[in-house]
Structures are given as structure tokens and as C-alpha cells.
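In: Fold the following for me, if possible:
(chains A and B)
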Amino acid sequence: MRTSHYFAPTLRQVSGEVELASHRLLLQAGYIRQVAAGVYSLLPLGVRVTRKVENIIREEMDAAGALECFLPALHPLELWEKTGRAEYWGPELMRLKDRSGRPFCLGGTHEEVITSLVAGEVRSYRELPLNLYQIQTKFRDDPRPRGGLIRVREFIMKDAYSFDRDVAGLDRSYDIMVEAYHKILQRMGLPYHVVEASGGGIGGWDTKEFELPSETGESRYLRCEKCEYAATPEVAEVKPPAPAERAEALPIERVETPEKRTIEQVTEFLGVSPRRLVKTLVYQVGEKVVAALVRGDRDLSEDKLRAVLEARVLEMAGPETIARVTGAPVGFAGPVGLKGVEIIADEELRNEANFVTGGNEADLHLRNVNWGRDFEVSRWADLRCAAEGDPCPGCGASLRELRGVELAHVFKLGTFYSEALGAYFLDEDGTRKPIVMGCYGIGSTRMVAAIAEHYHDENGLIWPPSVAPFDVIVIPVNHDDEVHRSLAERIYEELKAAGLEVLLEDRVERPGVKFKDADLIGIPGQVVVGRLAKEGKVEVRRRGGESRVAPAEEVGSVLRELLAS
RNA sequence: CGGGGCGUAGCGCAGCUUGGUAGCGCGCCUGCCUUGGGCGCAGGAGGUCGUGGGUUCAAAUCCCGCCGCCCCGACCA
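Out: Residues are numbered from 1 along each chain as shown, chains lettered A, B, ... in the order given. All right, here's what the predicted structure looks like:
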């Protein structure tokens, strides 16, 4: 390929509004252009990198025994209504109607479509296990797209779905996919952490996220440097503290706290630390109402609460419910005197005494509240989000909080979708059972951004050879010098013939422009044909690394050596 | 959805506080010059100032609405 006939419009300057390095460099080097918030065009260089990423994913999926399909992006909304996800996703699901008014949506994921496909075809246990995948455009009307390709409303991802006859089969399929993901990420040349995560509201357990550790990432997780345990704060297990003597209970006191509703307002008003407060969070679980108690400086983990209650869906109680069960407006709920409400408390509160809580009356809080004396706890459980410094549940060392870019996510889904969409099979014993599913996603466009985020310097991108848009760029320094031009041409042809993907920089530009653009674009191999050309020698460089002078005939072998390093 | 910022030539920005003449850098076109890190000189083209309304003799500038984009937060199967 020749740059004179290519389309890689590089920019001298990018708006100061663009902050993320990957966003800035992909724009500047001519890989992407924005169309709307969270909507991008991929230019030829962007397509080449994306295809490299996808081919690595494809090879590993195929090697793991998954079969490639191509499902539609356009889904009848009816399918999403069958699983309840049309409602669950709400406005995040992009909706539209066809000409006759039939409701459709643009798929944000493909459990519904794939499950209904399998439901129509698979009859017997003999046809299982099955693992189907696709590389498809997804649409999610994210409330806040950001960071270039990191978080967008339209993106490409590989999603695989496994179908098994039982949970043991699912466990095997899942392990195979996890193994494949390790291989994929290693081939991308990216560091990553495997993080235990939450399956979210609908279905799903044993879920793992593969995170690229990055200061600029938007996911947060806790990781133990000793034993490599890593989990999101919502799911990281917090061991109950060792039992300790509680402070002596003081007489309960009522304090007027006019208009002081938030933890911040109350602590400031009363001059106490948030640790002394206990938050009372009221949840609606079906018909039941429960109150969850955590220390004032902690966050409740809805995942943990959901697990304790064995509830699939959990909803924060609305103002009416709160008024009904506490007798007070939002902001003054407390455990003392709650009626008909189960009280579940975080283990951490067991050793604590004399807390400040809401008073269940408008503008009232209570001091010196004690469990056992002033109210009863029906269940103690690990309810709070873990935090930096908490002990690792594996080895007891201290957990550190990291930020990362979520590259991939695997779930065990179970039978939620197969039951909702009628994907049943006849087992060996003649009984009809729902197929047990797993799902495995990895974003290809996000991967491109993540690699750019990780591999760049002040001059531009530096692609790992496995995903680079070209292997090498050949740069004749002086366009008017016949020796430079003809030697560059020759090397270009020879490298192509040797099976490399080569870009020839044949534009009529000054040397500085060509060097700057080559660095910006970040092709790992650079061959500079300049003043040594008359002796038949050229410079062979690794972008961002070593540079060697070599005779023209040895360019191929020197390049291979440099690219392997 | 809450908070903050921005929208002026193809790109990046100034001008707005204090209303009256729309400016700079890069890019682009022409000519000369130059050729190992975004050359130099000379000449030139190019703008409904996001959009709708209001105030005013007069609006890029002041006021109101809307739209779009960026950042923080909420959110993120």
C-alpha cells in the first residue's frame, strides 16, 4: 500500500476537549472520526487494527471449539419483552418501529436472539454442548458515552454463548472460554487482571471481568498483591471482624436535625464522624420491605443484599413506602421502632455501640442507639462494599484499589433465558430440561482503544506487532532523490514478497512530515531510506525502540528480529 | 438525570467582561526556494460567529429558549 493512495488524514492539532490519550491519538493519527457522541467512523487504519484484533479473537474462539454465526442487529422487541429485558434495560435499549408500526430494537446484546435460535433447533442432549459466537455491532444508548472508543453507543464486540445439558457442563464450557480469553489477551500483548464481578440484575453468577489496569479506566476493583485475588467492591468478600467487647451502652437521646438528611449533613451538624452513623437503607423485595444497615462511611452492596435475600430484583423503596414503614420522609429512616420490616445488618456493626441513626420522624435523629437494646437484628451478613485496605479474603493481606478498562466479561447464565424463550431439550433419561447457558463477551473496538491507551508515547501510537495496521513503513527521505526512491521501491516490493504488510511513504512531503506521521501512526517497523542509500544501506527501526543500519538485502531479517523484541 | 465547560474559516484558537471595523496559527491555492524530524519568502482564496427568538439605531458580544459536543457524578446486561 502506498500512502499517496491511502486515506489516513493525520491532524496537526486536536481539540483541547479531547483528554484521553487513546482518543486523542486515534483521532490525530487518522484511525477514527467522530460522527456523534459515542458514535465513530473507523477509517482504513482503524479497520485494519480492528480486524487484527478480531482475527486473534476468532482464531482462539475457533480453537476452543466455538462456531461463528452472524445474528441480526435488528431485533423484534417482542423477544426482549419475553425475558423482561425491554423493561429492565429501559431507555438504554435503542428502539424503533418498522413501516407497519411493529416495534423493533437494535440489539445491545444477543441472548434473546441466540436463545430463540437454539430453542427452535436443538431437541436432544446429543446436540449439546454447543458454543456459538459472533462478531457484531451492538447498540446501547448509554447515558454518558466518553473517552473516544472506550465507551460508546455503537460498538463491535465478540459475544459467545454456550449451551449445556447441566451445570457441570456449563462449568466446563466456561473454563474453556476463560482459558481462551487468557490466550487472546496474551496475544494482544496487554497486561490484565481477572476480577470477580457481579452478574447484575438478571441471571448470572460466577462472573469475571478481564481488566486492563489503567489510571484512566472507569472500572474500580480491589486486588491483593500477595495472592492476586481481585474483585469488584460489590462482590469482594469482607470477613466479619473478630468479636470484641462493645462499648458500654449510653442512654438513647433524641436530637433535632432540621432538614439534615444526608450522611454529610448530619455528621457536619452533629459534629461526629460518619463512622458513628448507621445508614438505614430501605428496599422493596416483591411484597416485602427490608431495611439494610451499614456503617455511615460504607456503601451497601446491592449484590450482597440480593444474595442474602435470594432475590433476583431489588428496588430501593420509594418515598411512599418509606413514609409508610418509617412514618418519616426520606432521610430520617432508622432501625428503632420499625414495624413489619426485616432488619438485616452488616457484620461490621456487631462490635459497634452507641450509633447515630435516623429517628423515624421528620427532622429527628437518635444518638446512642444500640442493637439488642433498642432494636433487634434479624440477620447479620456481609453487606457492605469492600474498600481499599480491607483484608484479602484469600490470604489476609491488605487489598488495594485499582482502576481499569473492562476488556472482557464472562457470565454463567443458567436457565433464565432458556426458560423464558423455551430452549428445552430431552435428556438421556427422557425428561425435558432447560438448556444451561453461559455468555462470554469481549469488545473489539474497545480493545483497540485499550491497546492505544496502553501503548503510546509523546510522539504517537506504538502498536504491538500482533495488531498493528501494517508491519512496516518504508520511508524514502528525499522524494526528489532518484536513489532514495528506487531503493525504497525495491525494498517495498521485496518485503511484500516476503509476506509482510508494508506501507510505502511515497507522498511528496518534506522528511519531517513523513517522520512525524510515521511515528504518530505507530507502525512498529520503520525503514528509512536516506543518505546511506547510495552505499546500499538503510536504517531499520523499531518504533519507540532500537534502530540499526543494515544493507538493503538484510532489511527483512533485521526487521523480523526487531519486531520480535 | 444533576454539576461544570465549550460551540467563531477545513483544523486548532483569540475576540465577548466594556455592543459599532471578524482576527491569529496551521492547512489549502499560485510562484520561487528548500529536502534527515511538522522548511523559508511572496501573493491569494476561504466565515449564515451552533440555532430560534428578544433587547438595541446597531448583537459574535447583552437576555431567554432549543440543539450539539467535552469533563465530573448518577448509570453501565
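In: how long is stretch A:318-333 end to end?
Out: End-to-end distance of stretch A:318-333 (Cα to Cα, to the nearest Å): 12 Å.
In: go on, stretch A:523-532?
Out: Start to finish, the residues bounding stretch A:523-532 are 22 Å apart (Cα to Cα).
In: Show me the helices in chain A, by range?
Out: Ranges of helices in chain A, per DSSP state H, are A:21-28, A:44-63, A:77-82, A:85-89, A:111-121, A:167-188, A:263-270, A:302-309, A:319-326, A:416-421, A:444-454, A:482-497, A:511-521, A:555-564.
In: can you count the residues close to the closest residue to RNA strand B within the stretch 301-450 of chain A?
Out: Across the stretch 301-450 of chain A, no residue is closer to RNA strand B than A:G441, which sits at 4.7 Å (Cβ to the nearest atom of the strand). Backbone N, C-alpha and C define where each C-beta goes, glycine included. Each residue near A:G441 was counted by other Cβ atoms under 10 Å, and the total is 20.
In: Look up the closest residue to it, ignoring the ones flanking it.
Out: Nearest residue to A:G441, sequence neighbours excluded (Cβ to Cβ, 6 or more residues apart in numbering): A:D159, at 4.7 Å.
In: correct me, but A:G530 touches A:H479?
Out: No. Under the criterion of Cβ atoms under 8 Å, A:G530 makes no contact with A:H479, lying 11.7 Å away.
In: mind listing what the residue of the stretch 301-450 of chain A closest to RNA strand B touches?
Out: For A:G441, the contacting residues are A:T109, A:M157, A:K158, A:D159, A:A160, A:A408, A:H409, A:V410, by Cβ atoms under 8 Å, 6 or more residues apart in numbering.
In: now do 10 Å
Out: A:G441 is in contact with A:109-110, A:133, A:138, A:157-161, A:181, A:406-411, counting by Cβ atoms under 10 Å, 6 or more residues apart in numbering.
In: likewise A:Q284?
Out: A:Q284 sits next to A:V290, A:A311, A:V313, A:L314, A:E315, A:M316, A:A317, A:G318, A:T321, A:I322, A:V325 when contact means Cβ under 10 Å, 6+ apart.
In: again, but for A:M316
Out: Residues in contact with A:M316 (Cβ under 10 Å, 6+ apart) are A:L281, A:V282, A:Y283, A:Q284, A:L300, A:E302, A:I322, A:V330.
In: Closest one of those residues to A:M94?
Out: A:E302 (26.0 Å; Cβ to Cβ).
In: Relative to A:R12, how far out is the closest one?
Out: According to Cβ to Cβ, to the nearest Å, A:E302 and A:R12 sit 48 Å apart.
In: Repeat that for A:P191.
Out: 32 Å.
In: how about the nearest residue to A:F269 once chain neighbours are set aside, what does it touch?
Out: In this structure, A:F269 finds its nearest non-sequential neighbour in A:K260, 4.8 Å apart by Cβ to Cβ, 6+ apart. Counting by Cβ under 10 Å, 6+ apart, A:K260 touches A:V266, A:T267, A:E268, A:F269, A:L270, A:G331, A:F332, A:D363, A:L364, A:H365.
In: just to revisit the earlier point, from the contacts of A:Q284, list just the buried residues.
Out: A:V290, A:A311, A:L314, A:A317, A:T321, A:I322, A:V325 (16 or more other Cβ atoms under 10 Å).
In: can you tell me which two in these are farthest apart?
Out: The largest separation in those, counting by Cβ to Cβ, is between A:A311 and A:I322 at 18.7 Å.
In: List the beta-bridge partners for the closest residue in space to A:F515 that isn't next to it in sequence.
Out: Nearest residue to A:F515, sequence neighbours excluded (Cβ to Cβ, 6+ apart): A:I475, at 7.1 Å. Following DSSP bridges, A:I475 is listed with bridge partners A:V528.
In: Settle it for me: which of A:P191 and A:R12 has more neighbours?
Out: For A:P191 versus A:R12, the count of surrounding residues by other Cβ under 10 Å is larger for A:P191: 12 against 7.
In: just to revisit the earlier point, can you lay out the contacts of A:K260 as JSON lines showing distance to A:L563 and neighbour count?
Out: Shown next, in JSON lines, are the contacts of A:K260 (distance: Cβ to Cβ, whole Å; neighbours: other Cβ atoms under 10 Å):
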{"residue": "A:V266", "distance to A:L563": "61", "neighbour count": "23"}
{"residue": "A:T267", "distance to A:L563": "58", "neighbour count": "19"}
{"residue": "A:E268", "distance to A:L563": "60", "neighbour count": "12"}
{"residue": "A:F269", "distance to A:L563": "64", "neighbour count": "15"}
{"residue": "A:L270", "distance to A:L563": "65", "neighbour count": "16"}
{"residue": "A:G331", "distance to A:L563": "62", "neighbour count": "19"}
{"residue": "A:F332", "distance to A:L563": "66", "neighbour count": "24"}
{"residue": "A:D363", "distance to A:L563": "70", "neighbour count": "16"}
{"residue": "A:L364", "distance to A:L563": "71", "neighbour count": "17"}
{"residue": "A:H365", "distance to A:L563": "66", "neighbour count": "24"}
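In: would you list those residues in a markdown table and tack on distance to RNA strand B?
Out: Output for the contacts of A:K260, formatted as a markdown table (distance: Cβ to the nearest atom of the strand, whole Å):
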| residue | distance to RNA strand B |
| --- | --- |
| A:V266 | 19 |
| A:T267 | 19 |
| A:E268 | 19 |
| A:F269 | 21 |
| A:L270 | 24 |
| A:G331 | 17 |
| A:F332 | 21 |
| A:D363 | 23 |
| A:L364 | 27 |
| A:H365 | 24 |
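In: Between the residues you listed, which sits nearest A:E494?
Out: Distance to A:E494 across the contacts of A:K260 (Cβ to Cβ) is lowest for A:T267, with 72.7 Å.
In: ok so, going back, what's the closest of the buried ones among the contacts of A:Q284 to A:P465?
Out: A:L314 (47.4 Å).
In: list the contacts for the closest residue to that closest one other than its chain neighbours?
Out: If you skip the residues right next to it in sequence, A:L314 has A:R306 as its closest partner in space, 5.1 Å away by Cβ to Cβ, 6+ apart. Applying Cβ under 10 Å, 6+ apart to A:R306 gives the contacts A:S198, A:G199, A:G200, A:G201, A:E234, A:Y283, A:V285, A:R312, A:V313, A:L314.
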